[in-house]
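Undergrad: Here's my sequence, what's the structure:
(4 chains)
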2 protein chains.
Amino acid sequence: MNTKSAEILRAKGISPSVQRVAIHDYMMTHFTHPTVDEIYRDLSPIIPTLSKTTIYNTLTLFLEHELVDSLTMDGSITHYDGNVQSHAHFQCSQCGEIYDIPMPKTEVPQLDGFEINGMKVFYYGICEKCKKKEI
Amino acid sequence: MNTKSAEILRAKGISPSVQRVAIHDYMMTHFTHPTVDEIYRDLSPIIPTLSKTTIYNTLTLFLEHELVDSLTMDGSITHYDGNVQSHAHFQCSQCGEIYDIPMPKTEVPQLDGFEINGMKVFYYGICEKCKKKEI
DNA sequence: TTTAATTTTGTAATGATTACAAATTTTACA
DNA sequence: TGTAAAATTTGTAATCATTACAAAATTAAA
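TA: Below you'll find the predicted structure:
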């Protein structure tokens, strides 16, 4: 039971159950943009009764409290990101890996009457590793 | 049978079947970011035997030939866009509608050894229509 | 404690997408 | 033009991610 995660949850008014603390701690130590399945695979050995429904519920709760972010870069699987600082993402179309990259500076679009409260920037291409394999 | 669409397909080396021409023509006249279901709903009265599988296959083919673009803004449904010119998108979190907006100018990120060949920019917020309803 | 509220769990349902094989249509060319 | 081969479409079934839901377990409150 990670005390740091428990405190962060309590500070948000979220009661720190074993599952929530474990998932929060996982997200704070794995900035690998995991999917629900990956989290389940890694945590179920530690919490044998853990169910995927709990992971879905918990991540939705964390999203509402802005403790995590979600991204769907390829139209099928939702990835979660424990890094909620502003940054962009790059996905390699060869190996599928998602990399964090700095958020490019942009002017805020002028949309009269629209309220903007979020932005996601995705880049696509081939990563260095896969580039090297090509040769 | 739209001649213009048939020609565009032929120019790409795609044989212009009735279904492909109809779907292409639909995308060139409905810049509403339709889903497969919406396309199916609108075209099946015209082509009664049309199947969703064909729509999926055709859109995948069009994606490969860069005749359309796809976007998954909310993690669940894939929307297709007949406008392949560079532009960004805004989705209203209230009504779900997707708006085209100009692509903001950005510096290209410096990623040594990475090959970038695509970029997607999504904004989220509340659109003018829903803003007015709030009052 | 006892009760109420919250949280988790497992199963079933849903919804989008893909696999696949049969049927149909199109294309190539004799 | 006729025929065979290739390409395309179709419908159904399967898959995969996600959600619904109600029962069980846990936690909090009185």
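Undergrad: By residue count, tell me the biggest strand in chain A.
TA: When chain A is scanned for its longest strand (criterion: DSSP state E), the result is strand A:115-126.
Undergrad: What residues of the next helix or strand after it count as buried?
TA: Once strand A:115-126 ends, the next helix or strand along the chain (criterion: DSSP states H and E) is helix A:128-134. For helix A:128-134, the neighbour count (16 or more other Cβ atoms under 10 Å in any protein chain shown) marks residue A:130 as buried. Backbone N, C-alpha and C define where each C-beta goes, glycine included.
Undergrad: What residue spans form the domains of chain A?
TA: Taking automatic domain parsing as the criterion, chain A consists of the domains A:3-71, A:86-134.
Undergrad: Tabulate those (JSON lines), appending mean pLDDT and distance to residue B:40.
TA: Below are the domains of chain A laid out as JSON lines (pLDDT from 0 to 100; distance: least, Cβ to Cβ, whole Å):
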{"stretch": "domain A:3-71", "mean pLDDT": "96", "distance to residue B:40": "28"}
{"stretch": "domain A:86-134", "mean pLDDT": "93", "distance to residue B:40": "27"}
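Undergrad: Pipe those into JSON lines and attach distance to residue B:24 per row.
TA: Below are the domains of chain A laid out as JSON lines (distance: least, Cβ to Cβ, whole Å):
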{"stretch": "domain A:3-71", "distance to residue B:24": "30"}
{"stretch": "domain A:86-134", "distance to residue B:24": "24"}
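Undergrad: The longest strand of chain A pairs with which strands?
TA: In the sheet, strand A:115-126 lines up against strand A:88-92 (parallel), strand B:115-126 (antiparallel) (DSSP bridges).
Undergrad: What separation is there between residue A:44 and residue B:43?
TA: Residue A:44 sits 44 Å away from residue B:43, going by Cβ to Cβ, to the nearest Å.
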